[in-house]
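In: The sequence and its predicted three-dimensional model are supplied below.
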Amino acid sequence: MCLFPVCRVHADGFIKGVVPFPKPMVANTQNTADRWLKPASFPTVFDDLSFNERRAVKAKGYEPFKDMEAYRGLVVEGEEHFIERQLALLEEEREQDERTLSRNDYCDKYPLDDSLCDAQSTSIPVPTIHGKTTPPWDNSVVGGNGLTLPAPVPATSALGGDNNLFAGRTIGGGAVVVSNKTHSGSCYPAAKSSHFKNQILTSGQYETVSPAFEKALITVFRKEGGCGTIKNDPCGYTCYGLGSGPKCMNMDVSKLTRKDAETVYYDRFWNKYNFGKLPDVIAGDLFLASMGSGACTAIQQFRQFLGLSKNCKIDDEVIKATESYQGDIHNKWLDVRKAFLTEVAERRYANKVLNGWMNSIQLKRENGCHVMPSDPLYRN
């Protein structure tokens, strides 16, 4: 048996009846067109190209996708859009109050509405200092035309207060250690308010993960309400403070649950901007300020408050400055925010939003992580 291809030499000796191997036909070597065997070449592939050629091909292929993103993060509205949205909310509330409240009750709530109220028609006397009207919510003023001002919120104590009053009922479940150097500790329960919802609307999924975040988010949900569209709101349809319009998040928020919204706030905001790396005493406060002014503006303000260089980063420098801060950083920072919002409200909105903003500042004063509530609010 042949181990190699059949050749003519072997074929000639085969027994009769075996078909001999055909003689190969000789191609005409003089006429190239008549040759049977012609040289062949394989088409080149991507790996045969030079480095520069491969780079050019890739660049051309990626060209349609160069401005696209596989993941869209949270876009936090800036101060201007936040103010416009808050103004729309407050105007809608004011219009409803005008229709439903008595004149005295309306003027108690809106003492600066010159079209319907004056100093004589409101039951709240408006104090003056050096001839200048002082708003009744300005708790830096003492006395004045018989006005009884709200008592200031007690500063946080280095002793941490009496944790036995809230044993097992703190946010996080442990004892509250009141100190500018405390990280990832428990927070006191929320405080009831006469202006905002007295409900805990969070799911509780982050209570043990980050108590400071949980307490701040309780405040967000008490202020922001549910889902819907507010007249003149540039953010369009909004759910739990997250707007769908192009000036805000630029995404569909209509199907968000509260639990979904919590994850958005935690992953794309709390962690993204390093609020969770700050001490508990101030982390939630700066987070809340950022929800109003945008992360960069709020962080820049806070760095300036600490006497640091102006940029948009929460870094080791900020953390160390916060830990070494002497005094009540919670209330001092809110004093800065109060002054800022007061100036903006007067300069741009003729104080129409001031009452609501000052109520919001008061809510934040009473709901810092280390502020002990006189009338605690618990989850039902």
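Out: Right, received. Where do you want to start? Residues are numbered from 1 along each chain as shown.
In: Strands of the stretch 201-350 of the chain, start to end?
Out: 227-228, 238-239, 242-243 (DSSP state E, counting those that start in this stretch).
In: any idea how far residue 215 is from residue 190?
Out: 6 Å (CB to CB, to the nearest Å). Where C-beta positions appear, they are placed from N, C-alpha and C, glycine not excepted.
In: Give me the common contacts of these two.
Out: 171, 367 (CB atoms under 8 Å, 6 or more residues apart in numbering).
In: Settle it for me: which of those two has more neighbours?
Out: residue 215 (28 against 25; other CB atoms under 10 Å).
In: ok, now which ones touch that one?
Out: Contacts of residue 215 by CB under 8 Å, 6+ apart are 171, 187, 190, 284, 367, 369.
In: Helices of the stretch 151-300 of the chain, start to end?
Out: 211-224, 258-265, 280-293, 295-305 (DSSP state H, counting those that start in this stretch).
In: Compare those helices and give me the one nearest residue 48.
Out: helix 258-265 (48.4 Å; CB to CB).
In: Please name every helix or strand in contact with that closest one.
Out: helix 211-224 (3 or more CB pairs under 8 Å, 6 or more residues apart in numbering; DSSP states H and E).
In: What mean pLDDT does the helix it packs on get?
Out: Helix 211-224 shows a mean pLDDT of 92.
In: re earlier: which among the contacts of residue 215 gets closest to residue 98?
Out: Using CB to CB, those come closest to residue 98 at residue 367, 29.7 Å.
In: ok now do the closest one, which residues does it touch?
Out: Per CB under 8 Å, 6+ apart, neighbours of residue 367: 190-191, 215, 218-219, 373.
In: again, but for residue 311
Out: 299-300, 303.
In: Can you report phi and psi for it?
Out: phi -150, psi -180 (degrees, to the nearest 10).
In: any idea how far it is from residue 325?
Out: Counting by CB to CB - residue 311 and residue 325 are separated by 19 Å.
In: can you check residue 273 too?
Out: From residue 273 to residue 325 the distance is 20 Å (CB to CB).
In: Who has more neighbours out of those two?
Out: residue 273 (21 against 18).
In: Check the burial of the residue nearest to that one when sequence neighbours are not counted by counting its neighbours.
Out: Sequence neighbours aside, residue 295 is the residue nearest to residue 273 in space, at 4.9 Å (criterion: CB to CB, 6 or more residues apart in numbering). Residue 295 has 22 neighbours, counted by other CB under 10 Å.
In: got it, and residue 55?
Out: 11.
In: pLDDT score assigned to it?
Out: pLDDT, residue 55: 85.
In: Can you tell me the SS state at it?
Out: What DSSP: H, G, I helix; E, B strand; the rest coil gives for residue 55 is helix.
In: That one and residue 47: what is the separation?
Out: 14 Å.
In: do residue 264 as well
Out: 44 Å.
In: Any regions of the stretch 1-150 of the chain where pLDDT drops low?
Out: For the stretch 1-150 of the chain, applying pLDDT under 70 flags the ranges 1-40, 65-92, 110-115, 118-150.
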